[in-house]
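*Asks:* Here's a sequence, model it:
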Amino acid sequence: MRWEKAKRDSAAGRTLIAVVMLMLIRTTGSGEWQWQFPKPQGNTLWKTAFANARYGYAVGDNGTILATYDGAATWQLQYEGVTDNLRDIAAVDSLTAWAVGDNGMILHTTDRGYHWIEQNSGTSNGLNGVFFLDRTHGWAAGDAKTIVLTSDGGTTWSKAAMPSGASNAGVNALAFFSATTGYAVGSGGGMSGGGSIFRTTDGGMTWTTASSSSAALQRLKILQGTNTAFAVGSGGLILATMNGGTTWTPVPSGVTRGLNDIVFASANDYWIAGDDSTLLHSTNAGTSWMFEPFRGIYASVNGIAVAVNGLIAVGEYGFLARRDGHSPWTIINAGNFPSINWLAFADSRNGIGVGQWGYMLHTTDGGTTWAEIRNTLTGDSFYGAAYVGSKIWVVGDLGVVLYSSNHGSSWVQQTTTSSMTLLSVKFTDESNGWVVGDNGTLLRTTNGGTGWQTGFSGIPTALYGITMSDLSHGWMVGEYGVIRATTDGSTWWPQASPVASVLWNTEFRDILNGFCAGGNGVILRTTNGGGTWLPAASGTTRNIWVVKAGSAMGVRAVGDTGLVLRSTDGGVTWAPEFALCAYDLFSLRTLTDSVAWVSGDNGTILVTGSPDLLPASAAGQHTGEAGQPALFVLEQNYPNPFNPSTTIQYHLTRSAYVRLAVYSVLGEEVTRLVDGVQRAGVHQVVLDAAKTGVASGMLFYRLQAGDRAETRPCILLR
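*Replies:* Okay, the predicted model is just below:
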């Protein structure tokens, strides 16, 4: 929770292909978000499965699919655009797998996960488990006592006949001893508050109730080639059968935590994964179990599987661990990180994230890597940060202001007159800064924080956000729709707000154009310095924490449960972007329309675009000729792919002779959109394929302005 909370080339035709291939490799299209922290990703993972020792998958929330081709040494995030939570996966060989999840979702791949195709399960009930004997015969189990089966690899699925009664019983897992005989386990339908075991002898077409259990059962595994199977579930329950399911016998686990998965590493070496970092280990074929939890880990372990020479475990908040042979477990992603409440960047390389319990992350490469900073001064939570040159200021609970002069390598605590929670900080240069917080707290410094003076905000309630476009012009926002402004950096007066609900943050692109973000989906915009604030239709009632412009027309907003909105008309209309997760997102930093970061719960940091393609000195507040952008940038067209038209935006730092042309994949110019002198500033051009006669397929557009040039790919779909 927040509140505890990218030289020149005049011979374009000859060298275009080499340039654009580099761009294709390194550039992420606008609106495509990627995980920067934690790695490889931070969504909860539910299950993992390996087709052999090297090829495996893990699936989880928000359509997450991770794939590995080297025995879990590295993982690749496979994005298929679905947002359903994926609960289980079955891999029958190195090419073929099925994933199942919420709302009857079934995804199928035949090419190692490079492409996933949605299959029609015939049900809208959530699917919790999947089992395949081979490439054709498979079963999926789910909510409301649902089992579906296929004999053609999922081209068609049919619903199995289940025993009457307890229609709300969930089926969580299933497995087969043979093509005809199988078992399924679940919750409800058995003893009061307990679970059920179902049995089939006709290949899964009809099922009967074989037994009941004292607690819900979550997972079932069969030791193939034997009559042995184990089921695990709530309250530390372990059931075992040694006679093909005729009888099921409880086995003492020694724990009362929920048990979520079991794997047979060998004929005698068994492992069980469970809630709250639980691991149980048996070296005598499951007769007795030893408690071997992940020490220092607070995430639940949901799935466990055998990989090359060892084991893989997955769980809450993206938890991911590997055990090679008899070596200790290697934690790849510990999961359950403190929230990152605010991001600040000095340029396109150097940034800091601050959050709960004194947690800090720092990057020197645009977020490719983030390293934890441990300050020895306080464990209080941080809510705001400012980063100018090598200097960083961080604010948080109990009036804390921390300062670093060396990119966060060391810290001192600056003295203030406030003990109130400080929620936002803004510096216009290395000397001049402002801080706001609870009870109308306003602090001001003109010497980099060596001394902080108390200012007069004029209100007694919480102020959540402050921004300054220069030394004189600033705005602050807070409870009850409060907006206050200054034109001298010291004296603040009220501006008329069209809302009475809380405003969390305000950001201005210049002294005229700005935004406010608030509760209940509130977005306000102004084009006259706040003289008039107009509400925008965000299309949501969720908290919106930050709205920030990357250009005159390109604006983004972030909020609760993974909300990312984008506007291409200066904030008048908004459309959602898929941000990969459902965590609350509290912070948004933008360099250009196509380069931005967001952060939020569970230490989440996401990026869109390629910061490494920008100059190292690039920062959102910098200006160039006569107040124009200091960055020469060619934005990714939007929309992309497009049909028939798309908008191309670019930034010129100075007046220049400009040529913007579109090329085929062979390097042939197909149309010229701009050819003449243009002034410094932000420019937009529409590529209309219907008017230019451009053929469909892959295209490249190239901007040449004086001695600067940049190229980007785009796709025309007809």
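*Asks:* What average pLDDT does stretch 535-551 get?
*Replies:* Averaging pLDDT along stretch 535-551 yields 96.
*Asks:* same check, this time on stretch 65-76
*Replies:* Per-residue pLDDT values over stretch 65-76 give a mean of 92.
*Asks:* Could you tell me the end-to-end distance of that stretch?
*Replies:* One end of stretch 65-76 sits 8 Å from the other (CA to CA, to the nearest Å).
*Asks:* which parts of it are buried?
*Replies:* Within stretch 65-76, the residues scored as buried using 16 or more other CB atoms under 10 Å are I65, L66, A67, T68, G71, A72, W75. No exception for glycine: its C-beta is placed from N, CA and C like everyone else's.
*Asks:* and the end-to-end length of stretch 294-312?
*Replies:* One end of stretch 294-312 sits 13 Å from the other (CA to CA).
*Asks:* What segments of the stretch 601-718 of the chain are strands?
*Replies:* Assigned by DSSP state E, counting those that start in this stretch, the stretch 601-718 of the chain shows strands spanning 605-608, 633-634, 645-652, 656-663, 669-678, 681-688, 697-705, 708-716.
*Asks:* Turn those strands into a markdown table, columns for mean neighbour count.
*Replies:* Below are the strands of the stretch 601-718 of the chain laid out as a markdown table (neighbours: other CB atoms under 10 Å):
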| stretch | mean neighbour count |
| --- | --- |
| strand 605-608 | 24 |
| strand 633-634 | 26 |
| strand 645-652 | 22 |
| strand 656-663 | 19 |
| strand 669-678 | 14 |
| strand 681-688 | 17 |
| strand 697-705 | 21 |
| strand 708-716 | 19 |
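*Asks:* With K159 as the reference, name the closest of those.
*Replies:* Nearest of the strands of the stretch 601-718 of the chain to K159, taken as CB to CB: strand 605-608 at 38.8 Å.
*Asks:* Return the list of strands paired to that closest one, each annotated with direction.
*Replies:* Applying DSSP bridges to the sheet, strand 605-608 is found paired with strand 33-37 (antiparallel), strand 596-600 (antiparallel).
*Asks:* Please compute how far the first one lies from its chain's middle.
*Replies:* Translated: strand 33-37. Centroid displacement of strand 33-37 relative to its chain, using CA atoms, centre = their mean, to the nearest Å, is 6 Å.
*Asks:* what's that strand in contact with?
*Replies:* 28, 41-42, 77, 337, 340, 353, 361, 363, 367-368, 370, 564, 577-580, 597-598, 603-608 (CB atoms under 8 Å, 6 or more residues apart in numbering).
*Asks:* Show me how to select, in ChimeraX, the buried members of the residues you listed.
*Replies:* Here is the ChimeraX selection string for the buried members of the contacts of strand 33-37, based on 16+ other CB under 10 Å:
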select :28,41,42,337,340,353,361,363,367,370,564,577,578,579,580,597,598,603,604,605,606,607,608
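*Asks:* V477: neighbour count?
*Replies:* Neighbour count for V477, taken as other CB atoms under 10 Å: 26.
*Asks:* Could you do the one 3 residues further on as well?
*Replies:* Neighbouring residues of Y480 were enumerated by other CB under 10 Å; the total is 13.
*Asks:* For it, which non-adjacent residue is spatially closest?
*Replies:* Among residues not flanking Y480 along the chain, A500 sits closest, at 5.6 Å (CB to CB, 6 or more residues apart in numbering).
*Asks:* May I have the secondary structure class of that neighbour?
*Replies:* Classification of A500 using DSSP: H, G, I helix; E, B strand; the rest coil returns coil.
*Asks:* quick one: low-confidence parts of the protein?
*Replies:* 1-31, 80, 166-167, 189-193, 613-631 (pLDDT under 70).
*Asks:* ranges for the helices of it?
*Replies:* For the chain, the helices defined by DSSP state H cover 12-26, 689-692.
*Asks:* S405 reaches S390, doesn't it?
*Replies:* Yes - judged on CB atoms under 8 Å, S405 makes contact with S390 at a distance of 6.3 Å.
*Asks:* domain assignment for the chain?
*Replies:* As assigned by automatic domain parsing, the chain contains the domains 346-441+502-613, 625-716.
*Asks:* So what sits opposite the residue nearest to D675 when sequence neighbours are not counted in the bridge?
*Replies:* Excluding the flanking residues, the one nearest D675 by CB to CB, 6+ apart is R659, at 5.3 Å. Beta-bridge pairing of R659 under DSSP bridges involves D675, Q704.
*Asks:* Any figure for the gap between R659 and Y638?
*Replies:* 21 Å (CB to CB, to the nearest Å).
*Asks:* same deal with H407?
*Replies:* Distance of H407 to Y638, given as CB to CB: 34 Å.
*Asks:* Same question for G303.
*Replies:* G303 sits 38 Å away from Y638, taking CB to CB as the criterion.
*Asks:* higher neighbour count, these two?
*Replies:* Between G303 and Y638, counting by other CB under 10 Å, G303 is the more crowded of the two (25 against 20).
*Asks:* neighbours of T136, just the number please.
*Replies:* With neighbours defined by other CB under 10 Å, the count for T136 comes to 13.
*Asks:* Only the buried residues of stretch 485-504, if you could.
*Replies:* A485, T486, G489, W492, Q495, S497, V499, V502, L503, W504.
*Asks:* for stretch 320-331, same thing?
*Replies:* Neighbour counts over stretch 320-331 (16+ other CB under 10 Å) mark L320, A321, R322, R323, D324, W329, I331 as buried.
*Asks:* could the residues you listed be laid out in a markdown table, adding distance to W533?
*Replies:* Formatted as a markdown table, the buried residues of stretch 320-331 follow (distance: CB to CB, whole Å):
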| residue | distance to W533 |
| --- | --- |
| L320 | 45 |
| A321 | 50 |
| R322 | 53 |
| R323 | 57 |
| D324 | 59 |
| W329 | 54 |
| I331 | 48 |
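*Asks:* Max pairwise distance over the residues you listed: which two?
*Replies:* So, those by CB to CB: farthest apart are L320 and D324, at 14.2 Å.
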